[in-house]
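> I need the structure of the sequence given here:
(2 chains)
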Amino acid sequence: MTALWSTPTSAHQARNLICKSILATDMAHHSQMVRELTEMAAQQRPVQPVAVLQAFLHLADLSNPVLEWSLSRRWASLVCAEFRNQVSREVAAGMPVTRTGRTSAPAHVMPWAE
Amino acid sequence: MLFGTCAASQLLQSLVRTRLKGIFTQGSRMSLADQDVQNIGDSMLTAEYSRVGDDADAMHGMHSARRSSHSAPATRKERQASLLAAATNEADEGGLQTDDLPSEGKPRRRATAPPVASWPPVDAQSSCGTATSSEWRSGLRFSVPAAEQLPRASTPPALGNPSLLPNAERAGKEGRLSSVHAVVSKATASAAAERASGPESGSGAAAESSASKAHAPHSQQPQHHAGPSTRTSMPNIGSARKDRMYGRASVSIAKLLTMPLGLKIEDLDTWDLNVWSFQDAELQQLAAALLNRVGVMSEFKISHERLQGFLQAVCGSYHPNPYHNWQHAVCVLHGSYLMQRGGYTQGGDSLSYLTKLEQLSLLIAALGHDVDHPGVSNAFLVASSSPLALCYNDESVLENHHAAATFGLLQDQRLNVMSELDPDQRKEARRSHPRSRKPASKPR
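The predicted structure follows:
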């Protein structure tokens, strides 16, 4: 990196926040984040800004079910289409079909499906 | 000895497999639900994609035609063309951006990746929508745009700088570097001559004016390709204009901070915003409007040129996936915007708990949170030993890549919307902190 990030400027700070927020959108951290948020809400303790940002971005990433029905349905069908693409790739390549594509995300995008 | 090594590696592989299985299949109830989910999705998709055209638009208020073209399988001929393009471009794609910031105006030197012969595991014969193997390879590199890929970031687009006219060589290079439409590069060789000699109307104003014709997904006039048809209609590739080489539309700086047609600024404050009713260029306007409404643009002196270049680059770095696409990014940006301002309020005042710096970080993170998404999950990348998974050690592969790609874009000083966050700015940013703000000290 250049000198832009070499000193702890606010640009450095912003970079830190952005990276941590994006990394927190990994669904692998979902349950842990939900657990922590529940604890925070229960205990009413002060929250770090980075945790707020992570929560906001992650919630916005999964905000499809709160949208209007037609929009929500469209997003859900599209995510299914993407997962089907992946499955057909896996089948065509002779790979074992990873089921994460069809379990985790639609369960969040379409919670009523369970 | 050799046998022992083989056995060990097999054991390791089976261990990894079982670990993956254990993680990803959690009980039979889930798998039943999967089936339901897939059935539902199937039926919805077939219902939606079979109704292509204006009546579907009228029915849903969405651009069904546009979406459907994404999932329409390419013909064999096009697949072959894309394969050919991928083969010729292989040397240019893949690998990390290792060099430092280039001097202004000088094209970046792209480090060539170690050849990955065994990945992607599927050739273009698979029926996976429009995502071809060339796109796969393109997904493996950081989306740092080459200098000549973003001419409008440095020059006002309304001028239509004649020095940026693509000659045959440049056009070919741009086609190769286009992260999404590598297919285009096949057509580049034949189309370059006529494009270079033909009337160059690729100024941002023209592109924008055509893009601003909302809800006209399939215009008959050939110059109206800046809108949704940039992603569609393979047969029209031969008549590609300059902005199609980037695969995306752009919006002029003059129009950047205006709202898309038929949208009021208050409409941004509800969850009812339908991102599907806008075209790519209009979504860039929308993103700029959201940033502007939060107030980070004036706070951090983000120039319109930088913002326009950044939004165009981010938009162009999203693949035309069914889900993880530019619309998804704007949707998430909008959701983040609503959440950071404390939900929907009538007054219009921000109830935000966050500082301006944190707001800017959140919005940029939202814009870049799925950038260069290849359309498959982390598990797929790990299981197929993709270069990305090797690069990030199987840990949050995609998320790492999204963050890295976002900052790859921001490395270009013409796109770096955070370039004004210097130490002076930091003081002001701190002063504007709602938790420590002095009532008397108003920044600027």
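
> Tell me how far whichever residue of the stretch 251-400 of chain B sits closest to chain A lies from A:Ala60.
As assessed by C-beta to the nearest C-beta, chain A sits closest to B:Gly335 within the stretch 251-400 of chain B, at 3.1 Å. Bear in mind the C-beta positions are built from the backbone N, C-alpha and C, glycine included. Separation of B:Gly335 from A:Ala60 (C-beta to C-beta, to the nearest Å) stands at 3 Å.

> Mutual contacts of the two, please.
Between them, B:Gly335 and A:Ala60 share these contacting residues under C-beta atoms under 8 Å, 6 or more residues apart in numbering or on different chains: B:Ala366.

> Where do the helices of chain A begin and end?
Using DSSP state H, the helices of chain A run over residues A:3-6, A:10-23, A:30-43, A:49-61, A:69-93, A:100-109.

> Reformat those as a markdown table; add distance to B:Asp412, mean neighbour count and mean pLDDT.
Formatted as a markdown table, the helices of chain A follow (distance: least, C-beta to C-beta, whole Å; neighbours: other C-beta atoms under 10 Å in any protein chain shown; pLDDT from 0 to 100):
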| stretch | distance to B:Asp412 | mean neighbour count | mean pLDDT |
| --- | --- | --- | --- |
| helix A:3-6 | 12 | 13 | 46 |
| helix A:10-23 | 15 | 22 | 90 |
| helix A:30-43 | 32 | 12 | 91 |
| helix A:49-61 | 23 | 22 | 91 |
| helix A:69-93 | 29 | 21 | 90 |
| helix A:100-109 | 32 | 21 | 47 |
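
> Let me see the contact set for the residue nearest the centre of chain A.
Closest to where the C-alpha atoms of chain A average out (C-alpha atoms, centre = their mean) is A:Thr25, at 3.2 Å. Going by C-beta under 8 Å, 6+ apart, A:Thr25 touches A:57-58, A:61, B:369-370, B:399, B:402.

> can we see that at 6 Å?
A:58, A:61, B:369, B:399 (C-beta atoms under 6 Å, 6 or more residues apart in numbering or on different chains).

> Can you report how many residues neighbour B:Asp372?
By other C-beta atoms under 10 Å in any protein chain shown, 27 other residues sit near B:Asp372.

> export the helices of chain A to JSON lines and tack on distance to B:Phe407?
Listed next are the helices of chain A as JSON lines, based on distance: least, C-beta to C-beta, whole Å:
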{"stretch": "helix A:3-6", "distance to B:Phe407": "9"}
{"stretch": "helix A:10-23", "distance to B:Phe407": "7"}
{"stretch": "helix A:30-43", "distance to B:Phe407": "23"}
{"stretch": "helix A:49-61", "distance to B:Phe407": "16"}
{"stretch": "helix A:69-93", "distance to B:Phe407": "25"}
{"stretch": "helix A:100-109", "distance to B:Phe407": "26"}
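
> between those helices, which one is nearest to B:Glu282?
Ranking the helices of chain A by proximity to B:Glu282 (C-beta to C-beta) places helix A:69-93 first, at 16.6 Å.

> now for the closest one, which elements pack on it?
Helix A:69-93 sits against helix A:100-109, helix B:27-50, with contacts defined as 3 or more C-beta pairs under 6 Å, 6 or more residues apart in numbering or on different chains; DSSP states H and E.

> So B:Gln285 sits against B:Gly262, correct?
No: contact criterion C-beta atoms under 6 Å: B:Gln285 and B:Gly262 do not qualify, at 12.0 Å.

> Neighbour count: the two, which is higher?
Each of B:Gln285 and B:Gly262 has its neighbours counted (other C-beta under 10 Å); B:Gln285 has more, 26 against 11.

> Report the secondary structure element holding the more buried one.
If you go by DSSP states H and E, B:Gln285 is part of helix B:280-294.

> who's in contact with that helix?
With C-beta under 6 Å, 6+ apart as the test, helix B:280-294 has contacts from B:211, B:248-249, B:251, B:256-257, B:259-260, B:297, B:307, B:311, B:315, B:330, B:333, B:337, B:359, B:363.

> The helix or strand following it near chain A anywhere?
Using DSSP H and E, the helix or strand that follows helix B:280-294 in sequence is helix B:296-299. No: using C-beta under 6 Å from any C-beta of the partner chain, helix B:296-299 never reaches chain A; the gap is at least 10.3 Å.

> can you pull the buried residues of helix B:296-299?
Using 16 or more other C-beta atoms under 10 Å in any protein chain shown as the burial criterion, the residues of helix B:296-299 that qualify are B:296-297, B:299.

> tell me which element B:Val382 is part of?
helix B:378-383.

> The helix or strand just after that helix near chain A anywhere?
Where DSSP H and E defines the elements, the next helix or strand beyond helix B:378-383 is helix B:387-391. No: using C-beta under 6 Å from any C-beta, we find that helix B:387-391 stays clear of chain A, coming within 12.2 Å at best.

> just checking, what packs against helix B:387-391?
helix B:378-383, helix B:397-410.

> so for that helix, what's the average pLDDT?
What helix B:387-391 shows for mean pLDDT is 93.

> On the pLDDT front, check B:Met418 for me.
B:Met418 is assigned 80 on the pLDDT scale.

> dump the residue contacts of it.
Listed by C-beta under 6 Å, 6+ apart, the contact set of B:Met418 reads A:11, A:14.

> gap between it and A:Leu59?
24 Å.

> repeat for A:Val66
According to C-beta to C-beta, A:Val66 stands 9 Å off from A:Leu59.

> for A:Ala81, same thing?
Between A:Ala81 and A:Leu59 the computed distance is 24 Å (C-beta to C-beta).

> Please identify the residues of the stretch 301-444 of chain B in proximity to chain A?
Counting by C-beta under 6 Å from any C-beta, the stretch 301-444 of chain B sits next to chain A at B:321-323, B:332, B:335-336, B:339-340, B:357-358, B:361-362, B:364-366, B:369, B:375-377, B:379-380, B:383, B:396, B:399, B:402-403, B:418, B:421, B:423, B:426, B:429.

> element containing B:Leu367, please.
Per DSSP H and E: helix B:356-368 holds B:Leu367.

> quick one: average pLDDT of that helix?
Helix B:356-368 shows a mean pLDDT of 91.

> So what touches that helix?
With C-beta under 6 Å, 6+ apart as the test, helix B:356-368 has contacts from A:10, A:14, A:17-18, A:21-22, A:49, A:53, A:56-57, B:291, B:294, B:296, B:299, B:314, B:329, B:332-333, B:336, B:340, B:406, B:429, B:432.

> Quick check, pLDDT for B:Gln327.
So B:Gln327 comes in at 93 (pLDDT).

> Tell me which residues touch it, please.
Applying C-beta under 6 Å, 6+ apart, we find B:Gln327 in contact with B:Val275.

> three-state assignment of it?
When classified by DSSP: H, G, I helix; E, B strand; the rest coil, B:Gln327 comes out as helix.

> separation between it and B:Ala379?
When B:Gln327 is compared with B:Ala379 (using C-beta to C-beta), they lie 24 Å apart.

> try B:Ile364
Distance of B:Ile364 to B:Ala379, given as C-beta to C-beta: 28 Å.

> The two - which one has more neighbours?
More crowded of B:Ile364 and B:Ala379, by other C-beta under 10 Å: B:Ile364, with 28 against 23.
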